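Visitor: give me a 3D structure for the following:
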Amino acid sequence: MKYLSLFSDTLNELAHHKLRTLLTLLGMIFGVGAVIAMLNIGEGAEREALKMIDSMGLHNLIVESKKFEQKELKEQRKHSTGLSIRDGEISVASLPFITQFSAQKKVETYSIFSAQGKSDGEATGVSSSFFDLSKFKLADGRLLNKQDNLGFSQVALLGSTTAKQLFPLGGALGKNIKINHLWFKVVGVLQAPFLKKEQFQGIKLGGDQNQVFIPLKTALHKFPSKDLVSEITSLKLKVSDDVDPVAAAQAVSHLMERRHNEVDDYKLIVPAALLAQQKQTQQIFNIVMSCVAGISLLVGGIGIMNIMLATVLERTKEIGLLRAVGATQKDIQLQFIAESFTISILGGILGVFFGILLSELISIYSQWAVSWSISAIVLSFSICALVGLTFGVYPAVKASKLDPIDALQSD
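Guide: Numbering: from 1, shown residues only. Model prediction:
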């Protein structure tokens with residue numbers, strides 16, 4: 001009952017100075033809100049990055065063919081034939097920790113259409129193992145298989161965006177589409193993408209759903225290719241689960257250097273290394289943003305101390321009267337600490353709502369990913385309460401040490 005009465009008296013005192021209380025609360029509200037928003041955005045960015053990197057496969061290594069001007073390409077082809085299917089076969093045969101590979105060849109696409117519509121996408125030839133090493137999921141039909149490749153079949157697997165463009169009314173399965181000069185039968189449709197972005201740190205994720213996937217051998221033998229370009233666009237190598245992909249990448253790099261006669265006409269991408277780099281960058285971002293937001297809380301705490309010191313001066317006679325009727329120094333300290341603590345608690349509660357609102361607004365207008373972090377809310381609220389309690393101690397001690405007689409005689 002004593003503490004309930006103390007809390008009630010504290011609320012009444014704060015209510016008598018509404019504007020001053022509001023201005024004091026703002027520092028805590030903005031501080032808590034900023035901490036929550038920054039940590040939520042940081043958490044969201046980390047999870048989004050993890051999903052994007054996971055789409056490439058954490059235990060995969062990706063080798064991409066580089067693009068060059070024709071003059072430079074002629075010079076390079078004197079020493080290296082470029083990226084090829086044979087590179088993948090040799091990697092599996094000579095490196096025991098490479099268990100599987102897939103190859104991809106982008107077709108120079110100038111036209112994709114059906115009886116119902118046309119698409120601005122592109123065709124890509126893939127080996128049958130491509131889907132084993134990727135994160136694609138079927139919405140309808142089947143994936144491309146070995147028989148499609150061996151038979152140079154003219155069958156196609158549509159990305160979700162391409163399927164909607166070519167068949168806006170649905171029912172793509174079994175229908176025919178034309179890619180450049182050839183007709184293909186649709187045997188499957190992929191699910192809508194789960195990624196908001198198609199690139200990560202300038203690297204294409206391969207999850208673009210505005211594509212038509214066709215058998216690799218069909219793409220290589222039935223579509224013309226520019227002179228001197230690499231046989232394939234990219235390779236994806238599967239690393240054993242018990243082997244560190246970063247260490248495996250060194251061996252693959254050495255093998256590729258020997259096969260390409262040390263010609264730098266390819267790029268090796270290590271998703272696991274990208275993830276480690278992203279986590280380190282995100283950690284630095286979280287620390288910096290938390291420090292900036294923490295300064296707001298510190299400023300709010302200084303505001304509380306300032307207001308409480310002003311309150312001590314205003315209520316000097318009241319303090320003297322309370323001491324005269326038997327209130328102890330501990331009672332006076334408890335009363336003023338309760339007021340500063342109540343301000344911080346109210347500021348923390350309102351700050352949580354402000355932080356949630358701020359996170360949503362940032363997500364809407366900047367298209368950044370936001371992930372709700374309970375730990376961020378608990379942490380910011382706890383720090384807010386601690387700041388209010390800490391900065392309220394000095395004014396409370398100062399009030400309790402006032403001489404009762406001098407306090408009653410003050411103007």
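Visitor: for the rest of this, base every contact and every neighbour count on C-alpha atoms.
Guide: Noted.
Visitor: who's in contact with residue 152?
Guide: Residue 152 makes contact with 215, 217, 218 under the criterion Cα atoms under 8 Å, 6 or more residues apart in numbering.
Visitor: among those residues, name the buried ones.
Guide: Neighbour counting over these (16 or more other Cα atoms under 10 Å) leaves 215, 217, 218 as the buried ones.
Visitor: nearest residue to the last one other than its sequence neighbours?
Guide: Taking Cα to Cα, 6 or more residues apart in numbering, and ignoring the residues beside it in sequence, residue 218 has residue 152 as its nearest neighbour in space, at 4.7 Å.
Visitor: name the SS class of that neighbour, please.
Guide: Assigned by DSSP: H, G, I helix; E, B strand; the rest coil, the conformation of residue 152 is coil.
Visitor: just residue 212 next, same as before
Guide: Once three-state DSSP is applied, residue 212 turns out strand.
Visitor: pretty sure it sits against residue 160.
Guide: No - applying Cα atoms under 8 Å as the test, residue 212 and residue 160 come out as separate, 9.6 Å apart.
Visitor: so between those two, which is more surrounded?
Guide: Between residue 212 and residue 160, counting by other Cα atoms under 10 Å, residue 212 is the more crowded of the two (26 against 20).
Visitor: that one pairs with what?
Guide: As for beta bridges, residue 212 partners with residue 123, residue 158 under DSSP bridges.
Visitor: who touches it in this structure?
Guide: 121, 122, 123, 124, 156, 157, 158, 159, 162.
Visitor: ok, the nearest residue to the fourth one once chain neighbours are set aside to residue 381 distance?
Guide: Spelled out, that is residue 124. Nearest non-adjacent residue to residue 124, counting by Cα to Cα, 6+ apart: residue 106, 4.4 Å away. To residue 381, residue 106 is 52 Å away according to Cα to Cα, to the nearest Å.
Visitor: neighbour count: those two, which is higher?
Guide: Shown here are residue 106 and residue 381; by other Cα under 10 Å, residue 381 has more neighbours (26 against 20).
Visitor: start and end of stretch 74-85, how far apart?
Guide: 21 Å.
Visitor: now it: buried residues?
Guide: For stretch 74-85, a neighbour-count test (16+ other Cα under 10 Å) marks 76, 77, 80, 81, 82, 83, 84, 85 as buried.
Visitor: now swap in stretch 295-312 and tell me
Guide: Neighbour counts over stretch 295-312 (16+ other Cα under 10 Å) mark 296-298, 300-305, 307-309, 312 as buried.
Visitor: now swap in stretch 175-184 and tell me
Guide: By 16+ other Cα under 10 Å, the buried positions in stretch 175-184 come out as 176, 177, 179, 183, 184.
Visitor: stretch 114-129 now?
Guide: Neighbour-count burial for stretch 114-129 flags 114, 118, 119, 121, 122, 123, 124, 125, 126, 127, 128, 129 (criterion: 16+ other Cα under 10 Å).
Visitor: follow-up on the earlier one: dump the buried residues of stretch 175-184 to TSV, plus distance to residue 21.
Guide: As requested, those are exported to TSV (distance: Cα to Cα, whole Å):
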residue	distance to residue 21
176	71
177	69
179	69
183	74
184	72
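Visitor: which two from these end up farthest apart in space?
Guide: 176 and 179 (10.0 Å; Cα to Cα).
Visitor: next one: the helix or strand that contains residue 320 to chain centre, how far?
Guide: Using DSSP states H and E, the element containing residue 320 is helix 316-324. Centroid separation between helix 316-324 and its chain, computed with Cα atoms, centre = their mean, to the nearest Å, is 57 Å.
Visitor: export it as CSV, just CAs?
Guide: Extracted in CSV, the C-alpha atoms of helix 316-324 (Å, rounded to 0.1, in the frame of the first residue of the first chain):
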residue,chain,number,x,y,z
THR,A,316,12.1,23.2,-0.9
LYS,A,317,9.4,24.3,1.6
GLU,A,318,7.4,21.1,1.0
ILE,A,319,10.6,19.0,1.7
GLY,A,320,11.2,21.1,4.9
LEU,A,321,7.6,20.5,6.0
LEU,A,322,7.8,16.7,5.3
ARG,A,323,11.0,16.5,7.4
ALA,A,324,9.3,18.6,10.2
